[in-house]
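**Student:** my questions concern the predicted model and sequence given below.
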Amino acid sequence: MVKFGGTVAAIAFAYQHDEDVRAHFVPKARPQRPRTTGHNTQDALPAALALGGTWSRHAWPAIRTAAARTGTMFEAACSARSQPSS
């Protein structure tokens, strides 16, 4: 819960400073035009790759562990079947 609160506080802090910097550099008399460059996908691709890379880096060990456990259980099941019952 502390991490969540810290994240929310960091976002609020960044948002406040973004407004302050924007007010400093862009006069209120000049209207702001919406930024439409048509490169939205190209701009978002690095962030998506970073997010996907981070997720896969943390998910991969769990996948390998699950595969190893499955293999061990399969081997145990096969060896149990091959032993004669008394």
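**Tutor:** That came through fine.
**Student:** centre-most residue in this structure?
**Tutor:** Taking Cα atoms, centre = their mean as the criterion, L51 is the residue nearest the geometric centre of the chain, at 4.0 Å.
**Student:** now do it against I63, distance only.
**Tutor:** With distances taken as Cβ to Cβ, to the nearest Å, L51 is found 18 Å from I63. Any C-beta I mention is one placed from the backbone N, CA and C, and that applies to glycine too.
**Student:** same check on M73?
**Tutor:** M73 is 16 Å from I63, by Cβ to Cβ.
**Student:** go on, G52?
**Tutor:** The gap separating G52 from I63 is 15 Å, by Cβ to Cβ.
**Student:** same check on D43?
**Tutor:** From D43 to I63 the distance is 31 Å (Cβ to Cβ).
**Student:** okay, strands next: where are they in the protein?
**Tutor:** For the chain, strands defined by DSSP state E do not occur.
**Student:** where does pLDDT dip in it?
**Tutor:** Along the chain, segments meeting pLDDT under 70 span 29-38, 80-86.
**Student:** all helices of it, in order?
**Tutor:** 2-25, 40-82 (DSSP state H).
**Student:** neighbours around A50, how many?
**Tutor:** 10 (other Cβ atoms under 10 Å).
**Student:** whoops, I mixed them up, L49
**Tutor:** Residues near L49, counting by other Cβ under 10 Å: 10.
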